[in-house]
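K.L.:
okay, predicted coordinates and the sequence, questions at the end:
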Amino acid sequence: MADKPDVQQPQPIKINTADEISRGRYSNMILASHSPDEFMLDWLLNSPNGPHLVARIILSPANLKRTVETLKLSLQEYEKKFGVVKLLETDDQNVH
């Protein structure tokens, strides 16, 4: 009988952060721009006073690709558990 390979369980990552960051930010809009060396993601809050920058994340192209894959897998798991996410029509996203 062949030995089964050891399957390692993912280890939790300990993240140290200030209280201000750990509370998180809400964003309902994103702008993406890029250069040959990096992608810049601006997370915005679209409010009645206009859009406000919530966070700016700068990633290498390879790290962005890994991030997109991770988000796809996470969304698939979410939809398996809670159902398909429905997208609003562009006109329905205005702040009232």
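P.N.:
Structure's in. What do you need?

K.L.:
from here on, contacts and neighbour counts on C-alpha atoms
P.N.:
Fine.

K.L.:
check which helix or strand I58 maps to.
P.N.:
Per DSSP states H and E, I58 falls inside strand 50-59.

K.L.:
can I get the CA coordinates of that strand in PDB?
P.N.:
C-alpha atoms of strand 50-59 as PDB (Å, rounded to 0.1, in the frame of the first residue of the first chain):
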ATOM      1  CA  GLY A  50     -19.100  63.000  -5.400                       C
ATOM      2  CA  PRO A  51     -16.600  60.200  -5.300                       C
ATOM      3  CA  HIS A  52     -14.100  60.100  -2.400                       C
ATOM      4  CA  LEU A  53     -10.800  58.000  -2.500                       C
ATOM      5  CA  VAL A  54     -11.100  55.300   0.200                       C
ATOM      6  CA  ALA A  55      -7.800  53.400  -0.600                       C
ATOM      7  CA  ARG A  56      -5.200  53.100  -3.300                       C
ATOM      8  CA  ILE A  57      -3.500  49.800  -3.800                       C
ATOM      9  CA  ILE A  58      -0.600  49.400  -6.200                       C
ATOM     10  CA  LEU A  59       0.300  45.900  -7.400                       C
END
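
K.L.:
what pairs with it, and is each one parallel or antiparallel?
P.N.:
strand 39-47 (antiparallel) (DSSP bridges).

K.L.:
how about the partner strand: buried residues?
P.N.:
F39, M40, L41, D42, W43, L44, L45, N46 (16 or more other Cα atoms under 10 Å).

K.L.:
below-threshold pLDDT in the chain: ranges please.
P.N.:
Applying pLDDT under 70 to the chain picks out residues 1-6, 90-96.
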